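1. please find the sequence and the predicted model below.
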Amino acid sequence: MKNEAITLEKITYKNYVKVLFELKVNRTQKEFVASNLCSLAEAYVALTNGYTPYPFAICRNGKPVGFLMIGSGFPEEEREEGDPDFFFDSYCIWRLMIDKKYQGRGYGRKAMELALEFIRTWPSGKKKHCWLSYEPENKLARELYASFGFIEQPQYFTGKPGEEMPALLEL
C-alpha cells in the first residue's frame, strides 16, 4: 500500500455506478455479504425510518475499490424480543466489502481503521459501543474484526441457518 491513499468517500453521482455495479466479491464470498445495490437500498429504507446510515466508497487514489456502510441509532420501534440493547444505542459497521481484484492488499484493514476513526468523530452523538456481525464461517472477517478488539457475543447467536455472529467493541 505504499504511495496509495486509501480514503472513505461519500457515495455521489460520480461514483455510485461503479460502487453499485462494478465492485464484486469472489464467488465464494457472495454468501457472506449483501450486494452493494441491496445495501444502498437498505440505507434508503433505514434513512426514511429513523436510522442514520453512512455509506462510503472505499477509494484507492480516488478510485472505488470497496464499499463500507456504518449505521447509528436503530429505531426502538424495530426492537424484537431477544434483541440486545447494544443494537439500539450504538454505531454499527453494517457492511464492508473489497472488490475481488483488490483483496489481500490490506485495504479491508485500512477501511476498518478509517471506519473507527469516523465513528470516533461521533457523527450521530457519543455512544458507548460499535457492533457488527458476520457469518461464522467467514474466518477472515472474524480474524480481522477480532484484531480491532471486537468481541463475539455468542449469547445472541442461536446457530440458525443464515444467522450472523454479533461482535461488540467498546468505544
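-> Perfect, thanks for sending it.

2. mind listing the helices for this protein?
-> Under the criterion DSSP state H, the chain contains helices at 16-17, 36-47, 107-119, 139-147.

3. buried deepest among the ones you listed, which one?
-> Highest mean neighbour count of the helices of the chain: helix 107-119, a mean of 18 (counted as mean count of other C-beta atoms under 10 Å). All C-beta spots, glycine's among them, are computed from the backbone N, C-alpha and C.

4. what's the spacing between it and its chain's center?
-> 10 Å (C-alpha atoms, centre = their mean, to the nearest Å).

5. that one packs against which elements?
-> The helices and strands touching helix 107-119, judged by 3 or more C-beta pairs under 8 Å, 6 or more residues apart in numbering; DSSP states H and E, are strand 6-10, strand 52-60, strand 63-72, strand 91-98, helix 139-147.

6. average pLDDT across that helix?
-> Average pLDDT, helix 107-119: 97.

7. what angle sits between it and helix 139-147?
-> Calculated by axes from the mean of the first three to the mean of the last three C-alpha atoms, to 10 degrees, helix 107-119 forms an angle of 40 degrees with helix 139-147.

8. got a list of contacts for helix 107-119?
-> 1, 6-8, 54, 58, 60, 65-66, 68, 70, 91, 93, 96, 98, 130, 144-145, 147-148, 169, 171 (C-beta atoms under 8 Å, 6 or more residues apart in numbering).

9. recalculate using a threshold of 10 Å.
-> Defining contact as C-beta atoms under 10 Å, 6 or more residues apart in numbering, one finds that helix 107-119 is touched by 1, 4, 6-8, 54, 56, 58-60, 65-70, 72, 90-93, 96-99, 102, 106, 127, 130, 132, 140-141, 144-145, 147-150, 169, 171.

10. where does this structure have low pLDDT?
-> Scanning the chain for pLDDT under 70 picks out the ranges 1-2.

11. for it, which residue is closest to the average position?
-> For the chain, the residue sitting closest to the mean C-alpha position, by C-alpha atoms, centre = their mean, is R95 at 2.6 Å.

12. check contacts around that one.
-> Counting by C-beta under 10 Å, 6+ apart, R95 has contacts 33-36, 38-40, 42-43, 53, 55-56, 66-71, 132.

13. looking at the helices and strands packed on helix 107-119, which is buried most?
-> Compared across the helices and strands packed on helix 107-119, strand 91-98 shows the largest average neighbour count, a mean of 24 (mean count of other C-beta under 10 Å).

14. in its sheet, what does that strand sit against?
-> Take DSSP bridges as the rule and strand 91-98 pairs in its sheet with strand 63-72 (antiparallel), strand 129-134 (parallel).
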